[in-house]
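[1] take this sequence and fold it.
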Amino acid sequence: MHDAVPGFCRAATVEEVRDHKYALTPGRYVGSAETEEDDEPFEEKMPRLVAALNAQFDESAKLERLIRENLSKFK
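    Residues are numbered from 1 along each chain as shown. Model (predicted):
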């Protein structure tokens, strides 16, 4: 039998499916994925994530400019 991956897949037995009156709703069998504990307070986490996102936006804009410059050579 295949290994179960909580929140993703699991092989159910015919008996389990019969017990659920042949309902094949995945949530009945798969369950939910385990979540990591997050001890970082929101007041600290949100500014950190916003700063990281802004840095990624800046990098994205820089790369877009470079790509457009290189593409303009083919006009």
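[2] give me the mean pLDDT for the longest helix along the chain.
    Looking across the chain with DSSP state H, the single longest helix is helix 42-72. Averaged over helix 42-72, pLDDT sits at 97.
[3] same question, stretch 4-15
    In this model, stretch 4-15 carries a mean pLDDT of 89.
[4] can I get that stretch as PDB, trimmed to CA atoms?
    Below are the C-alpha coordinates for stretch 4-15, written out as PDB (Å, rounded to 0.1, in the frame of the first residue of the first chain):
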ATOM      1  CA  ALA A   4      -0.300   8.500   3.100                       C
ATOM      2  CA  VAL A   5       0.500  12.200   2.900                       C
ATOM      3  CA  PRO A   6      -1.800  14.100   5.200                       C
ATOM      4  CA  GLY A   7      -3.700  16.700   3.400                       C
ATOM      5  CA  PHE A   8      -2.700  15.300   0.000                       C
ATOM      6  CA  CYS A   9      -3.300  11.500  -0.400                       C
ATOM      7  CA  ARG A  10      -4.100   8.300   1.300                       C
ATOM      8  CA  ALA A  11      -5.200   4.900   0.100                       C
ATOM      9  CA  ALA A  12      -8.600   4.000   1.800                       C
ATOM     10  CA  THR A  13      -9.800   0.500   2.100                       C
ATOM     11  CA  VAL A  14     -13.100  -0.700   0.600                       C
ATOM     12  CA  GLU A  15     -14.400  -1.100   4.100                       C
END
